[in-house]
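>>> structure here, sequence nowhere to be found:
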């Protein structure tokens, strides 16, 4: 059976350091007890998609080390199909994350095996048969471009922020960015994104998100107020649940602005649940919890 969603992306071991405040340049601060767990933008998004109810596969490169084993076990446990995963001689990617007392974070990533991710003929075949393909920018740009060219509906979460090649922009069906990433790509006017791609979602943190589609007015989806514990993986949870929800649209029907609005609402609810729990994949909610909270907010 072809997957509903294929995530082409990164996987990291997260080293999380709780601090009173994120250090300024040149400053040293003391941290609390360090924790080690599975993460990475691609892995977080794949886990979010699978837990949200979509048949999800992941194209990923992992090291032949204990970090790679941790990620394989975690992703498989979340319901992600790893038959397309490859093993690299490079170490599994590592992220060092500082989280302050308000839940805000700062992240430094050493790509490791993520930097060697390449599509195989088999993975390209599966990508071509999936309803939705989702990628990020913690992997080589060439891999992202090849995935986009192979997809029937391609979502790019353009993070970390980077300028995007014109050939890649031409293959993007939906761009997901935060405000700073949007500015890197299109300048200070987010509406300019629609000169580059047919649709975009700009996430606004606690304020929610805005939806931009060509020929339609901007749609605002407000955030869901919660007490924040840790914002790590909130954006990834949003992207994975967005992809999973859009994959439920019939393959023979185009995705409409109404479909996109409903998916962004569900993704926003999921992100609000994720920030109430510490960690990356550990904070990703399951579909029943998402739908119960969605019903409270919107129904």
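Arrived safely, thanks for sending. Computed from a prediction, not measured in an experiment: that's the story for all the values here.

>>> mind jotting down where the helices sit in the stretch 51-200 of the chain?
66-77, 121-129, 141-150, 166-169, 179-186 (DSSP state H, counting those that start in this stretch).

>>> pull out the buried positions in the shortest one.
Neighbour-count burial for helix 166-169, counted by 16 or more other C-beta atoms under 10 Å, picks out 168-169. Just so you know, the C-beta spots here come from the backbone N, C-alpha and C atoms, and that holds for glycine as well.

>>> whatever helix or strand residue 13 lives in packs against which elements?
Under the criterion of DSSP states H and E, residue 13 resides in strand 12-18. Contacts defined by 3 or more C-beta pairs under 8 Å, 6 or more residues apart in numbering; DSSP states H and E place strand 12-18 against strand 35-39, helix 66-77, strand 93-99.

>>> out of those, which comes closest to residue 122?
The closest approach between residue 122 and any of those, judged by C-beta to C-beta, belongs to helix 66-77 at 17.9 Å.

>>> so how far is that closest one from its chain's centroid?
Chain-centre distance of helix 66-77: 18 Å, with C-alpha atoms, centre = their mean, to the nearest Å.

>>> and what of stretch 241-256?
17 Å.

>>> please renumber so the chain begins at 123
Yep, numbering from 123; the last one is stretch 363-378 now.

>>> what sits up against it?
126-127, 129, 167, 170-172, 174-176, 178, 253-254, 256, 275, 277, 295-296, 298, 323, 381-382, 384-386, 388-389, 392-393, 412 (C-beta atoms under 8 Å, 6 or more residues apart in numbering).

>>> returning to that earlier point: now the angle between helix 188-199 and the strand holding residue 135, please.
Orientation check (axes from the mean of the first three to the mean of the last three C-alpha atoms, to 10 degrees): strand 134-140 against helix 188-199 gives 100 degrees.

>>> parallel or antiparallel, list what pairs with strand 134-140.
strand 157-161 (antiparallel), strand 215-221 (parallel) (DSSP bridges).

>>> can you say which of the ones you listed is nearest to residue 351?
It's strand 215-221; of the strands paired with strand 134-140, that one is closest to residue 351 (C-beta to C-beta) at 8.9 Å.

>>> list the contacts of the closest one.
Residues contacting strand 215-221 (C-beta under 8 Å, 6+ apart): 132-141, 144-145, 153, 161-162, 189, 227-236, 260, 352-354, 400.

>>> can you do 6 Å?
132, 134-141, 144, 161-162, 227-234, 236, 352, 354 (C-beta atoms under 6 Å, 6 or more residues apart in numbering).

>>> can you tell me which of those are buried?
Of these, these count as buried by 16+ other C-beta under 10 Å: 132, 134-141, 161-162, 227, 229, 231, 233-234, 236, 352, 354.

>>> what is the end-to-end distance of stretch 153-168?
Distance between the two ends of stretch 153-168: 30 Å, counting by C-alpha to C-alpha, to the nearest Å.

>>> buried set for that stretch?
159-168.

>>> which residues touch the residue nearest to the spatial centre of the chain?
Centre of the chain computed as the mean C-alpha position; nearest residue by C-alpha atoms, centre = their mean is residue 358, 3.2 Å away. Contacts here follow C-beta under 6 Å, 6+ apart; on that basis residue 358 touches 163, 166-167.

>>> same question, residue 325
Contact analysis of residue 325 by C-beta under 6 Å, 6+ apart lists 300, 331.

>>> separation between it and residue 342?
12 Å (C-beta to C-beta, to the nearest Å).

>>> can you check residue 403 too?
29 Å.

>>> which one's more surrounded, these two?
residue 403 (27 against 12; other C-beta atoms under 10 Å).

>>> look at the more buried one and report its pLDDT.
On pLDDT, residue 403 comes in at 90.

>>> just to check, it is in contact with residue 159?
No. Between residue 403 and residue 159 there is no contact under C-beta atoms under 6 Å: 7.1 Å.

>>> and stretch 409-421, what's buried?
For stretch 409-421, by 16+ other C-beta under 10 Å, it's 409, 412-413, 415-416.

>>> same list (those) but as a markdown table, adding secondary structure, distance to residue 286 and pLDDT.
Below are the buried residues of stretch 409-421 laid out as a markdown table (DSSP: H, G, I helix; E, B strand; the rest coil; distance: C-beta to C-beta, whole Å; pLDDT from 0 to 100):
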| residue | secondary structure | distance to residue 286 | pLDDT |
| --- | --- | --- | --- |
| 409 | helix | 31 | 95 |
| 412 | helix | 30 | 97 |
| 413 | helix | 34 | 96 |
| 415 | helix | 33 | 96 |
| 416 | helix | 32 | 95 |
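
>>> greatest separation within the residues you listed: which pair is it?
The widest separation within the buried residues of stretch 409-421 (C-beta to C-beta) is 10.9 Å, between 409 and 415.
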